[in-house]
Structures are given as structure tokens and as C-alpha cells.
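S.K.: generate coordinates for the sequence data below:
(one chain, ligands or ions: 3)
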Amino acid sequence: MVVLAKPAALEQITLLRPPEPWESFSGVPAVDLSGPDAAADVVRACERFGFFSVVNHGVPAGVVDRLEAEAVRFFASSQAEKDASGPADPFGYGSKRIGRNGDMGWVEYLLLAIERDTLSKASPAPSTALRDAINAYVGAMRGLARTVLEMVAEGLGVSPRGALADMVTGDVASDQVFRVNHYPPCPLLQGLPPNCSVTGFGEHTDPQLVSILHSNGTPGLQVALHDGRWVSVPPNRDAFFVNVGDSLQVLTNGRLRSVRHRVVAGNGLKSRVSMIYFGGPPLAQRIAPLPQLLAGTQSLPLYRDFTWGEYKKAAYRSRLGDNRLAPFEAPPVATPDADRHRS
Ligand SMILES: C=C1C[C@]23C[C@@]1(O)CC[C@H]2[C@@]12CC[C@H](O)[C@@](C)(C(=O)O1)[C@H]2[C@@H]3C(=O)O
Ligand SMILES: O=C(O)CCC(=O)C(=O)O
Ligand SMILES: [Fe+2]
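M.R.: Ligands and ions are numbered 1, 2, ... in the order given. The predicted structure is shown next:
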């Protein structure tokens, strides 16, 4: 049988989205990390949205600006130069294909593995300047991830305060990933109504504990609220955005829920550039509802125990939009009432 490759133009047309209202959401919680109530504010934001921005975070603007400038330089280089760092499998330069299972987006990216606080030697090194800028940035993101996870533990009453943070930034080498995404303006949208868009990065949840995102001033990120409504997140160059990931959902037995999010590329002239640090634990880390959060409550564990390595393997076999936690949910407990109905 001859299998015909899907023509590129067709692939692009399937990324076109029907016109939709772009409701810019003013309700994204902004947590002041230097404030006295930061821990409680972080937990409240995680419970309500699984998503929030942080300000007064202590990350020098120069670290962010330097990486953004190097990233822009990399994506502006020739296709042959970029392809020399690819294909992303999973690490390296990728264009339009996201993951290995058929997902596509109007995006090009660098996906890189981090070892402790530097770019892994196995990751491609596009240029020394980019590598140095990434290392400085990732060092800052590890610090921010630590602060946020310590605040989550404190706000939830989990001790020690470093219990969650140590999973990502502790002594044992953890599974951290770093991604720089570039969403160029899409020529398919020229001449279409202004509320038309293309899928930049399809809807999904992040598998790790937390992800920390920064973007330039171009909008495009949308998050799903708990009532299912999708809203656009106004960009803020001075802030970082934090996503609760699937693993933190399990560790907190569903009290914090991972946020579904996506990126749409609109009809504007400006590219969107985003950089995201994904804080995952060591492969052998057991992921299960924390006993401290179950003690003294009527709650049963909603998930069975698994290791991050098992979850990651399953995640990388899934499609972007899949509910990756469903196969890890605990089987329903038989109650006398349920038994009566069965007999
Ligand atoms: C389609 C996929 C891309 C992804 C691996 C997966 O099979 C499902 C999860 C995806 C995701 C989403 C968050 C991060 O961007 C990412 C690096 C991750 O850890 O999980 C991507 C994966 C990827 O791009 O390879
Ligand atoms: O590029 C963005 O703003 C978000 C991308 C994203 O969600 C991801 O890479 O997992
Ligand atoms: Fe994501």
C-alpha cells in the first residue's frame, strides 16, 4: 500500500479555528511573592484556577531579556541552521509537530533537557550565547519553582515546607524540561476576519508538578476555567505565569487541579515568544496523594500510586489533549449500598 504524506497546506488548514470571541480575562490572580500572605494566596489561586501570575518574584529583568533576545535571534536564523538542532525527538528543534503522536501546531520550538541547573549535554547546543542565556534563566526558574512549591506546602499545611520543592530542586537529579516556543504570524489568516485564529499549541495539561511560563507582549495563551469556559490571558512581560501540573494534582489528591491551557495564534503582525520551565521530579519519585493531606479527612485517595517514570512514559504515548490522569485513577470503592444494587 502506498501511504501519501499529507500535503503541508492541508495540515495548515486543519489548524484554522472558527471565529470566536476573545474574552480577555481580568481575573487571573496576581500573587505578590514578597507579600505576607503569599503562601495562602498561592494555594487559593491554585484551588480556584490552577493558574496564576507572580509579581515581585526577584528574577532580574536582564536574565529574561537576554534569553528572549537570543531566542529571537535563533528563530530568525536560516531553516538549515535551525534544523541542525533538530528534529525534536523529543529534544531539539521542532517545527509544527508536537510530540510523536500526530499533534500539530502553528509553532516552532526548542525543547531541551535540564540536568540539575544547566542544559543537559545531550541537548543540542544551538550557540554558546543561547546556551549561556538558557543556563542563567533556568537557574532563576529553579529558584522560583522552589519558592512556589514551598508556598504550596506551607499554604496546605504540609511539612516539611520543602517536601514538594525537594522533588523538583532537591539533591536527587530531577526531570526538568525547558521549552522556548515561537509562534510567527500565520499567513493563512491574512484577509480573514480579525477574530479568526490558528491553533498554536493545542489544549492540554502539563504532566509535571509546576510549569513556569514567560512570554513577550503578544497575546495567545488561553486557559480553561473550572466551569469549562476558555478565557484569554492578558500578557504581562513583568510577571511569570504558573501552571499546576498533573503530578501536583495527584500529590494533593485533587485539591489543586492541573489547568487545561492552549495557545492560539491570532491575526496580529507580532510573533509570540514564550519560554517555559517544566518542574518534574526524579524518574523514581513516587507520585501519590500525600498522607498528610488525607489524614483526618474522610477523603480516600483518588489515584493509585505510580512513579513519575511510569507516568511520563504513558504521557509521551498520549495525544496532547488526552486526559492523561484517567488511567491512574483509583478504582471506585465498593460500598454496601453499591453491593445491594449489584445483587
Ligand atoms: C503530544 C505530546 C507532546 C508532549 C508529549 C505528548 O505526548 C503529551 C504531553 C506533551 C507535553 C505538554 C507539556 C510540555 O510542553 C511537554 C514538553 C511535556 O512534558 O508534555 C509536552 C510534550 C512534548 O512536547 O514532547
Ligand atoms: O507557549 C505557550 O505560551 C504555552 C505552551 C505550552 O503550554 C507548553 O509548551 O506546554
Ligand atoms: Fe503547557
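S.K.: for ligand 1, what is the nearest residue in this structure?
M.R.: G99 (2.6 Å; Cβ to the nearest ligand atom). No exception for glycine: its C-beta is placed from N, CA and C like everyone else's.
S.K.: show the pLDDT at the spatially closest residue to that residue that is not a sequence neighbour.
M.R.: Closest residue to G99 apart from its sequence neighbours, by Cβ to Cβ, 6 or more residues apart in numbering: L320 at 6.4 Å. pLDDT recorded at L320 is 98.
S.K.: surely the residue of the chain closest to ligand 1 is in contact with D322?
M.R.: No - G99 lies out of contact with D322 (Cβ atoms under 8 Å); the separation is 10.6 Å.
S.K.: for these two, work out which one has more neighbours and name it.
M.R.: Neighbours per residue (other Cβ atoms under 10 Å) separate G99 from D322, with G99 holding more: 19 against 15.
S.K.: residues contacting the more buried one?
M.R.: P90, Y316, R319, L320 (Cβ atoms under 8 Å, 6 or more residues apart in numbering).
S.K.: now, which of those residues sits nearest L16?
M.R.: Using Cβ to Cβ, L320 is the member of the contacts of G99 that sits closest to L16, with 17.4 Å.
S.K.: could you look up the SS state of that closest one?
M.R.: Here L320 takes the coil state, with states given by DSSP: H, G, I helix; E, B strand; the rest coil.
S.K.: return stretch 162-178 as PDB; C-alpha atoms alone will do.
M.R.: The C-alpha coordinates for stretch 162-178 follow below in PDB (Å, rounded to 0.1, in the frame of the first residue of the first chain):
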ATOM      1  CA  GLY A 162      10.400  21.700  51.400                       C
ATOM      2  CA  ALA A 163       8.600  18.400  50.800                       C
ATOM      3  CA  LEU A 164       7.300  19.300  47.400                       C
ATOM      4  CA  ALA A 165      10.100  21.600  46.400                       C
ATOM      5  CA  ASP A 166      12.700  18.900  47.100                       C
ATOM      6  CA  MET A 167      11.000  16.700  44.500                       C
ATOM      7  CA  VAL A 168      12.000  19.200  41.800                       C
ATOM      8  CA  THR A 169      15.000  21.000  43.100                       C
ATOM      9  CA  GLY A 170      16.300  18.600  45.700                       C
ATOM     10  CA  ASP A 171      19.600  16.700  45.800                       C
ATOM     11  CA  VAL A 172      18.500  13.800  43.600                       C
ATOM     12  CA  ALA A 173      18.600  14.700  39.900                       C
ATOM     13  CA  SER A 174      15.100  15.600  38.800                       C
ATOM     14  CA  ASP A 175      13.400  15.500  35.400                       C
ATOM     15  CA  GLN A 176      13.300  19.100  34.300                       C
ATOM     16  CA  VAL A 177      12.500  20.200  30.800                       C
ATOM     17  CA  PHE A 178      12.800  23.600  29.200                       C
END
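S.K.: in terms of helices and strands, where is P90?
M.R.: Counting by DSSP states H and E, P90 is held by no secondary-structure element, helix or strand.
S.K.: show me the contacts for L300.
M.R.: Residues in contact with L300, defined by Cβ under 8 Å, 6+ apart, are L294, A330, V333.
S.K.: before we move on, what about D175?
M.R.: Here D175 is in contact with Q208, G280, P281, P282, L283, W308, K312 (criterion: Cβ under 8 Å, 6+ apart).
S.K.: just these now: which is nearest ligand 2?
M.R.: Minimum separation from ligand 2 among the contacts of D175 (Cβ to the nearest ligand atom) is found for Q208, which lies at 9.7 Å.
S.K.: look up phi and psi at whichever residue of the stretch 101-250 of the chain sits closest to ligand 2.
M.R.: Residue nearest to ligand 2 within the stretch 101-250 of the chain: N181 (3.9 Å; Cβ to the nearest ligand atom). The phi and psi values for N181, taken as degrees, to the nearest 10, are phi -110, psi 140.
S.K.: relative to Y93, how far out is it?
M.R.: 12 Å (Cβ to Cβ, to the nearest Å).
S.K.: who touches both of those two?
M.R.: E108, Y109.
S.K.: the lengthiest strand in the chain near ligand 2 at all?
M.R.: Criterion DSSP state E: the longest strand present in the chain is strand 103-115. No - Strand 103-115 is not in contact with ligand 2 by Cβ under 6 Å from any ligand atom; minimum separation 7.2 Å.
S.K.: just the CA trace of that strand, in CSV.
M.R.: C-alpha atoms of strand 103-115 as CSV (Å, rounded to 0.1, in the frame of the first residue of the first chain):
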residue,chain,number,x,y,z
ASP,A,103,-0.2,16.6,17.2
MET,A,104,0.4,19.8,15.1
GLY,A,105,0.5,23.5,15.9
TRP,A,106,1.5,26.7,14.2
VAL,A,107,4.7,26.9,16.3
GLU,A,108,8.4,26.2,16.1
TYR,A,109,10.3,25.4,19.3
LEU,A,110,13.4,24.2,21.1
LEU,A,111,12.7,21.5,23.6
LEU,A,112,15.6,20.9,26.0
ALA,A,113,16.5,18.6,28.9
ILE,A,114,17.9,20.2,32.0
GLU,A,115,20.3,18.4,34.3
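S.K.: can you pull out the helices in this protein?
M.R.: 8-13, 38-48, 61-75, 79-83, 128-156, 165-169, 246-251, 291-294, 308-315, 336-342 (DSSP state H).
S.K.: right, and those - which one's nearest K121?
M.R.: helix 128-156 (10.5 Å).
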